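Visitor: I'll drop the sequence and a predicted model, then ask my questions.
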Amino acid sequence: MDSKILNARKKELLDQQEKMLNAASEAKIALTTSQEDSFQAMSVEIEGINTNISRIEAIAKGKREVGAPATEVVVPEFGKSKAKYSNCSTDYAEAFWNMLKSPKNFSNAALGEGGTAADGSYLVPSQTDPSIPNLAVIEASARKLSRVIQTEMDLKIPYQSAKTTASAKAESNNSGTNAFATSVPQFATTTLSAYMAGDQVAVSWELLQDVKALSAFVTADLNRAVFNYEENKFINGSGTSEPLGYLNGATAAATASLTINNVLDLTGDLRQAYYANASFLINRQELIRLYKAQIAASQFQTYITYDPNGQTRLLGFPVAFSSDMPVYSASPSTTGAVLFGDFASGFVIGDRGDSNIRVKVLDQVAAQNGQTIILGYRRTDQRCVLQEAVQLLTTNG
């Protein structure tokens, strides 16, 4: 982490805030709701940058203190015959070293760190690391795979539900005429709405004042919480008062055991027109299970590969991972799943207003309790527009 980079980012944010305020002042208008949210988000980020800069300075100071020399040094001086010590007599030194040779001469000191509080443990200074390590985030890919748009209201998305079909026509002659068959495409619509999801964290004023890193940590943790919630809904959602998940929107191709043969069949179920942007979506544990099955069957053909950038590929197609994709289990009985297709063509995510996770700091709501409420939320929805674009293999073994 480089303080120069952090300061450069801080200057960029401050310039943006100044530009926003100057524009509003010149126009003699107040900031819009969207601008207020953006201004607040930049303020939160600036506060986080200030916290990180303080951490860097504290670490640098600590390193300088660790490297500082001791203030006093006692060095023994040795003569030709007997050792001579600069701070004690020769007789005392000999008696001291003779005592050290016999462990029985030792007894526990009256004062020490490892004893009771009265022995001195209360006197030992302690300090808490200013950084707050956070738990690992889940693997999430749904938002990256789907097409993401911004909406201002509920949006009707039309899609083709039936294709035009051609048929043979007999020749018209003297015996009579034969008309072409009539077949027209059919259409349907799906509604892309917006459903609210978020969380609030109440923090005491004392803790916010004493732990400088807490505000930035809580803000980041709220972002992770919303992101994790949405990933589950984008995979497993029912479509009723929540997003329609991949598993409920994709075309059910087959239910079979997880073998490379069945995965090959899954790729054949997808129409070739979607191959250019096709990828697999799977839980990492399911891919490992497939890898184990390949090893157990002594299949030396490498179906799972990695490109120079570290991208996992299965049968040449890129693999995306999601911790919310199901994993097969024999007991308790649980089916797994493998998805394959062009997710951007098949599914659309709509974020109401913009795609940012809104974070609001409410310092008045619980003021009488000496608390600040930090709130994070986003409104979004997901719908399927081309079911055939994504194929589903349900694994039962």
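Guide: Cool, got the structure.
Visitor: you'd agree Ala202 is in a strand?
Guide: Yes. Ala202: assigned to a strand according to DSSP: H, G, I helix; E, B strand; the rest coil.
Visitor: residues contacting it?
Guide: Ala366, Gln371, Thr372, Ile373, Ile374 (Cβ atoms under 8 Å, 6 or more residues apart in numbering). Just so you know, the C-beta spots here come from the backbone N, C-alpha and C atoms, and that holds for glycine as well.
Visitor: which of these count as buried?
Guide: With neighbours counted by 16 or more other Cβ atoms under 10 Å, these contain buried members at Gln371, Thr372, Ile373, Ile374.
Visitor: Go through those and say which is closest to Thr177.
Guide: Ile374 (76.5 Å; Cβ to Cβ).
Visitor: Going toward the C-terminus from the helix or strand harbouring that closest one, what's the next helix or strand?
Guide: Per DSSP states H and E: Ile374 is located in strand 371-384. As assigned by DSSP H and E, the chain's next helix or strand after strand 371-384 is strand 390-395.
Visitor: ok, and what's touching that following strand?
Guide: With Cβ under 8 Å, 6+ apart as the test, strand 390-395 has contacts from 246-247, 249-258, 262-263, 266, 269-270, 286, 328, 335-343, 346-347.
Visitor: Convert stretch 139-153 to CSV, retaining C-alpha atoms only.
Guide: Taking C-alpha atoms only, stretch 139-153 is exported to CSV below (Å, rounded to 0.1, in the frame of the first residue of the first chain):
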residue,chain,number,x,y,z
GLU,A,139,-16.9,-16.5,-5.0
ALA,A,140,-19.5,-14.6,-7.0
SER,A,141,-19.9,-14.4,-10.8
ALA,A,142,-23.6,-13.7,-11.5
ARG,A,143,-23.3,-9.9,-11.8
LYS,A,144,-20.2,-10.3,-14.1
LEU,A,145,-21.9,-12.8,-16.4
SER,A,146,-25.3,-11.2,-16.8
ARG,A,147,-26.1,-8.1,-18.8
VAL,A,148,-26.4,-5.2,-16.3
ILE,A,149,-28.5,-2.1,-17.0
GLN,A,150,-29.8,0.8,-15.0
THR,A,151,-33.6,1.5,-14.7
GLU,A,152,-35.7,4.4,-13.5
MET,A,153,-39.0,2.4,-13.2
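Visitor: list the buried ones in it?
Guide: Ala140, Ser141, Ala142, Arg143, Leu145, Ser146, Val148, Thr151.
Visitor: a markdown table for those residues, including secondary structure?
Guide: A markdown table is the format used below for the buried residues of stretch 139-153 (three-state DSSP):
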| residue | secondary structure |
| --- | --- |
| Ala140 | coil |
| Ser141 | coil |
| Ala142 | helix |
| Arg143 | helix |
| Leu145 | helix |
| Ser146 | coil |
| Val148 | strand |
| Thr151 | strand |
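Visitor: quick check, nearest of those to Tyr275?
Guide: Leu145 (15.3 Å).
Visitor: ok, Gln301 to Thr267 distance?
Guide: With distances taken as Cβ to Cβ, to the nearest Å, Gln301 is found 15 Å from Thr267.
Visitor: ok, the two, which is more surrounded?
Guide: Between Gln301 and Thr267, counted using other Cβ atoms under 10 Å, the more crowded position is Thr267 (19 against 6).
Visitor: OK, contacts around the more buried one?
Guide: Contact analysis of Thr267 by Cβ under 8 Å, 6+ apart lists Leu315, Phe317, Phe340.
Visitor: tell me which element Ala41 is part of?
Guide: helix 33-66.
Visitor: who does that helix touch, helix- and strand-wise?
Guide: In terms of contacts (3 or more Cβ pairs under 8 Å, 6 or more residues apart in numbering; DSSP states H and E), helix 33-66 is packed against helix 3-27, helix 214-236, strand 358-362.
Visitor: what does the shortest one rub up against?
Guide: The contact list for strand 358-362, computed with Cβ under 8 Å, 6+ apart, reads 37, 40-41, 44, 198, 219, 222-223, 372-378.
Visitor: how is the chain carved up into domains?
Guide: Using automatic domain parsing, the domains assigned to the chain come out as 3-63, 141-162+185-397.
Visitor: Looking at these, which one is packed in the most?
Guide: Mean neighbour counts were compared across the domains of the chain using mean count of other Cβ atoms under 10 Å; the top stretch is domain 141-162+185-397, at a mean of 16.
Visitor: Quickly list what Ile157 is bridged to.
Guide: Listed by DSSP bridges, the beta-bridge partners for Ile157 are Thr190.
Visitor: how close does it sit to Phe343?
Guide: With distances taken as Cβ to Cβ, Ile157 is found 16 Å from Phe343.
Visitor: what does Gln387 give?
Guide: 12 Å.
Visitor: ok, back up a step: taking strand 371-384 as reference, get the angle to the helix holding Ala41.
Guide: Interaxial angle, helix 33-66 versus strand 371-384 (axes from the mean of the first three to the mean of the last three Cα atoms, to 10 degrees): 120 degrees.
Visitor: show me what contacts the residue lying closest to Asp351 once chain neighbours are set aside?
Guide: Using Cβ to Cβ, 6 or more residues apart in numbering and skipping residues adjacent in sequence, the residue nearest Asp351 is Thr380, 5.0 Å away. By Cβ under 8 Å, 6+ apart, Thr380 lies in contact with Ala194, Tyr195, Ala197, Glu230, Pro243, Ile349, Gly350, Asp351, Arg352.
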